[in-house]
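Enquirer: what shape does this take:
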Amino acid sequence: MHSISKARRYTPITIGLHWVMLLLIVAIYATMELKGIFPKDSGARDTLKQLHYTLGLSALALVFARILVNLFTRAPQVIPDPPRWQKVSAKSMHVALYALMIMLPVLGWLILSAKGQAIPFWGVDLPPLIGSNASLGKWLKNMHELGATVGYFLIGAHAAAALFHHYVIRDNTLVRMLPGIKAPGLD
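Expert: So this is what the prediction gives:
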């Protein structure tokens, strides 16, 4: 087995940020889904809600770190070179995922602001983005929930595409982003 050359892999920081973001997103979705098993106004439900808010804002901070890193690093080439339609599709998916990673936390921040609630971020309350407005808060919540549902599909499609590239097309799309992976024939 030959190790993948650095020119054919993402940088360690890019790989790390990708997988940390995945774990963070899993935790965000888990807190959202798990809170529903507890009664309203229970301590456990309130704790999960607070954690959901904090993790969501953490994702917002992390996505900007990812964007900054992406500005200064180049994506390694996919080998063999995919057709143009696949490149356009991949770029569109990444734009949609980044939009989701920015819009959902911002919508969450706006929801809490519109409800006049504290915006918790690791022990610090962030300032509201807008004034209290119950009807706007309800609309923002509906948009946030719709975006979260769309997120399930985007994340699933992203993972499915990576697996399709790896197992069907047999290119290096997936292994470029795997930490410490060794694969034959990619040197």
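
Enquirer: strands of the protein, start to end?
Expert: Assigned by DSSP state E, the chain shows strands spanning 119-121, 124-126.

Enquirer: reformat those strands as JSON lines; add mean neighbour count.
Expert: Every C-beta, even on glycine, is put in place using the N, C-alpha and C of the backbone. Shown next, in JSON lines, are the strands of the chain (neighbours: other CB atoms under 10 Å):
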{"stretch": "strand 119-121", "mean neighbour count": "18"}
{"stretch": "strand 124-126", "mean neighbour count": "11"}
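
Enquirer: what's the closest of these to Ala134?
Expert: Nearest to Ala134 among those is strand 119-121 (16.8 Å), distances taken as CB to CB.

Enquirer: what residues does that closest one touch?
Expert: Here strand 119-121 makes contact (CB atoms under 8 Å, 6 or more residues apart in numbering) with 50, 53-54, 57-58, 109, 112-113, 125-128.

Enquirer: low-confidence stretches in this structure?
Expert: Counting by pLDDT under 70, the ranges of the chain that qualify are 1-7, 181-187.

Enquirer: can you map out the helices along it?
Expert: Remark: helices assigned in the chain by DSSP state H are 12-34, 43-72, 84-114, 134-164.

Enquirer: which elements pack onto the third one?
Expert: Read that as helix 84-114. With contacts defined as 3 or more CB pairs under 8 Å, 6 or more residues apart in numbering; DSSP states H and E, helix 84-114 has these neighbours: helix 43-72, strand 119-121, helix 134-164.
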